[in-house]
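*Asks:* predicted structure and sequence below. I'll ask about it afterward.
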Amino acid sequence: MKHAVIFGGASGLAQASIKELLSHGFVVFACDLEYKETKQEGNLHTIFCDITSEESIINVRNYVIKFTDKIDVISNFAGIVTLGSLVELAPNTLDKIMAINLLGTYKTNAIFFDLIKNANGRIINISSEYAKICALPFHGYYGISKHALDIYNDSLRRELSGTKIKVICVRPGAFKTKMQQGVTNQFNKALEATKLYKKPLSKMTNLMTSELEKAKPAELFGKKYIKIVLTRHPKRVYKINNSFKMKFLSILPSSLQDFIFEKFMK
């Protein structure tokens, strides 16, 4: 019997991935703030967890070790998107997104590492296409957290390169989830609140709306995720439904990117 620990288990991409894991015979420990009590239904355990609390993550570990001392797969799907100006939002805005998007993954992997090592398991870190595209106005908070997550992933992979543990980065693009649905609302709130950027935020809202229309069903991600779990020789990085427009913009010289954004911001 193989075991997986999935944080952010109530999110759309996690749910699609958990469904695939269960269908392939995994015992899944799904953890999320939305799970108010611990339940077991067949091979699925749902457990309350606050990803920003080390104590809460340890409580999950204490529950898991009642059933197994080996974890074959671990992933953290918990994440938030914060959109808005780096100079207009409150100075502590970055604290929360880093606590969830970066430190949540770092802490869960560290706290469960001995169980992963026991199984020579797989650490599948859920990043974003924003981890590698150029820095976009009003996306700074999210971009910073995901760029940092990619650096963490690369460092961890190289540290563990002498072991049988696989460290894999997944960079999803737009998928039909609650997080994606909330992006439009965040832009509308930012547009309503801004004093400096009414015009460029309005342009950015229209641009992002067109990108979100290309979102794919979460089930597509789940099918790709299980392939990453099961393949004998996984790649270091998987890009799933990434935006061609953003990739093209990112390969331009930085001076040209600056020129484009300067025009955009006027």
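*Replies:* Received, thanks.
*Asks:* so L94 belongs to a strand, correct?
*Replies:* No. According to DSSP: H, G, I helix; E, B strand; the rest coil, L94 belongs to no strand; its state is helix.
*Asks:* what stretches of the stretch 101-250 of the chain score poorly on pLDDT?
*Replies:* 180-181, 210-211 (pLDDT under 70).
*Asks:* repeat that with 90
*Replies:* 173-193, 195, 198-216, 243-249 (pLDDT under 90).
*Asks:* I165: how many residues sit nearby?
*Replies:* Residues near I165, counting by other C-beta atoms under 10 Å, number 18. For the C-beta atoms, the positions are set from N, CA and C on the backbone; glycine is no exception.
*Asks:* show me the contacts for the closest residue to G143 other than its chain neighbours.
*Replies:* Excluding the flanking residues, the one nearest G143 by C-beta to C-beta, 6 or more residues apart in numbering is Y130, at 5.0 Å. Contacts for Y130 (C-beta atoms under 8 Å, 6 or more residues apart in numbering) come out as L136, H139, Y142, G143, K146, H147.
*Asks:* from G42, how far off is the first one?
*Replies:* For L136, the distance to G42 (C-beta to C-beta, to the nearest Å) stands at 43 Å.
*Asks:* kindly report the same for the fifth one.
*Replies:* Computed with C-beta to C-beta, the distance linking K146 and G42 is 34 Å.
*Asks:* between those two, which one's more packed in?
*Replies:* K146 (25 against 8).
*Asks:* not counting sequence-adjacent ones, nearest residue to the more buried one?
*Replies:* A131 (4.0 Å).
*Asks:* can you check L103 too?
*Replies:* T52 (7.4 Å).
*Asks:* does the one you found really touch L102, like I thought?
*Replies:* No. Between T52 and L102 there is no contact under C-beta atoms under 8 Å: 11.0 Å.
*Asks:* tell me which stretches of the protein form strands.
*Replies:* 3-7, 27-32, 39-41, 44-48, 73-76, 122-126, 166-172, 237-240 (DSSP state E).
*Asks:* partner strands of the first one, parallel or antiparallel?
*Replies:* Here strand 3-7 has these sheet partners by DSSP bridges: strand 27-32 (parallel), strand 73-76 (parallel).
*Asks:* shared neighbours, T52 and L102?
*Replies:* Counting by C-beta under 8 Å, 6+ apart, nothing touches both T52 and L102.
*Asks:* so which of these two has more stuff around it?
*Replies:* The neighbour comparison of T52 against L102 (other C-beta under 10 Å) goes to L102, with 20 against 17.
*Asks:* how much space separates that one from I58?
*Replies:* From L102 to I58 the distance is 19 Å (C-beta to C-beta).
*Asks:* got a list of what P234 touches?
*Replies:* R122, K166, I168, I228.
*Asks:* give me that answer again for 7 Å
*Replies:* K166, I168, I228 (C-beta atoms under 7 Å, 6 or more residues apart in numbering).
*Asks:* before we move on, the earlier item: mind giving me the PyMOL command for buried ones among the contacts of Y130?
*Replies:* What follows is the PyMOL syntax selecting those of those that are buried according to 16 or more other C-beta atoms under 10 Å:
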select buried, resi 136+139+142+143+146+147
